[in-house]
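Undergrad: Model the structure of this input:
(chains A and B)
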Amino acid sequence: GENVEQHPSTLSVQEGDSAVIKCTYSDSASNYFPWYKQELGKRPQLIIDIRSNVGEKKDQRIAVTLNKTAKHFSLHITETQPEDSAVYFCAASFGTGRRALTFGSGTRLQVQP
Amino acid sequence: GAVVSQHPSWVICKSGTSVKIECRSLDFQATTMFWYRQFPKQSLMLMATSNEGSKATYEQGVEKDKFLINHASLTLSTLTVTSAHPEDSSFYICSAVAGTSGRAPYEQYFGPGTRLTVT
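TA: Numbering: from 1, shown residues only, chains lettered A, B, ... in the order given. Next comes the predicted model:
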């Protein structure tokens, strides 16, 4: 089955700096890669996703890049703000959407004011 | 749109009792729902895949006789934790896939989760 590894486990940045979180996946058949933000006790919230036919996607301060050859994808957050502090999970799946997501282990991002 | 609800949001039960958790898609039909479990400071781990009208598919290591899943309609899936024990205490989250309702086929919509504490 799919295995997703995520690094780093914790990340502390100063407000305004950029944050980068990286994930690798094992199954070359995976074709959908979402990123979630989860605050304590709440549901994961989709912040951005990318499909395997695209190398990069951007939404305001958030961007995701995908390298299919190397089987890794990254989340980039620019101009970080204290409200970006949360746990971020990457995930991977394949198929038409009827497949469950395999999650990375999570990154706790702390943005220092 | 694409709202998924869970009930209850939290529950405390005594060891040996059973607890039922409901997951509903409120504004779309979900042909497939997933149940995840999340222990404190850990990631979401898939427990089972629930398809409407058929038996759930359980992940390795998840006891199907302990975690009963029923997906009787296109908007409701239930997870029953039978004979709960303290080690079953966790955050249970469901998600739903919209299927062919016109929404993004890849995206999963998560419920708000249910915090189960077994004493």
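Undergrad: can you list the weak-confidence ranges in chain B?
TA: B:1, B:99-105 (pLDDT under 70).
Undergrad: near chain A, which residues of it?
TA: Neighbours of chain A within chain B, by Cβ under 8 Å from any Cβ of the partner chain: B:31-32, B:34, B:42-46, B:49, B:51, B:91, B:93, B:95, B:97-99, B:104-108, B:110-113, B:115. Where you see a C-beta, it was placed from the backbone N, CA and C, and this is true even at glycine.
Undergrad: can we see that at 6 Å?
TA: For chain B, the residues in contact with chain A (Cβ under 6 Å from any Cβ of the partner chain) are B:32, B:34, B:43, B:44, B:46, B:49, B:97, B:105, B:106, B:110, B:112, B:113.
Undergrad: any idea of the pLDDT on residue A:97?
TA: Per-residue confidence (pLDDT) for residue A:97: 58.
Undergrad: what does the one 5 residues further on give?
TA: According to the per-residue confidence, residue A:102 scores 94 in pLDDT.
Undergrad: In ChimeraX, select just the buried ones from the residues of chain B next to chain A.
TA: Remark: buried members of the residues of chain B next to chain A, expressed as a ChimeraX selection using 16 or more other Cβ atoms under 10 Å in any protein chain shown:
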select /B:32,34,43,44,46,49,97,106,110,113
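Undergrad: Just the residues of chain B next to chain A: which are in helices?
TA: Judged by DSSP state H, helices contain none of the residues of chain B next to chain A.
Undergrad: Adding distance to residue A:86, write the residues of chain B next to chain A out as JSON lines.
TA: What follows is these, written out as JSON lines (distance: Cβ to Cβ, whole Å):
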{"residue": "B:32", "distance to residue A:86": "27"}
{"residue": "B:34", "distance to residue A:86": "22"}
{"residue": "B:43", "distance to residue A:86": "14"}
{"residue": "B:44", "distance to residue A:86": "14"}
{"residue": "B:46", "distance to residue A:86": "22"}
{"residue": "B:49", "distance to residue A:86": "27"}
{"residue": "B:97", "distance to residue A:86": "24"}
{"residue": "B:105", "distance to residue A:86": "27"}
{"residue": "B:106", "distance to residue A:86": "23"}
{"residue": "B:110", "distance to residue A:86": "15"}
{"residue": "B:112", "distance to residue A:86": "16"}
{"residue": "B:113", "distance to residue A:86": "15"}
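Undergrad: Run me through the strand neighbours of whichever helix or strand residue B:116 is part of, direction for each.
TA: Taking DSSP states H and E as the definition, one finds residue B:116 inside strand B:114-118. Next to strand B:114-118 in the sheet, as set by DSSP bridges, lie strand B:10-13 (parallel), strand B:90-97 (antiparallel).
Undergrad: in the first one, what's buried?
TA: By neighbour count with 16+ other Cβ under 10 Å, strand B:10-13 contains the buried residues B:11, B:13.
Undergrad: How about stretch A:62-76?
TA: A:62, A:63, A:64, A:65, A:66, A:71, A:72, A:73, A:74, A:75, A:76.
Undergrad: and residue A:75, what does it touch?
TA: A:21, A:35, A:64 (Cβ atoms under 6 Å, 6 or more residues apart in numbering or on different chains).
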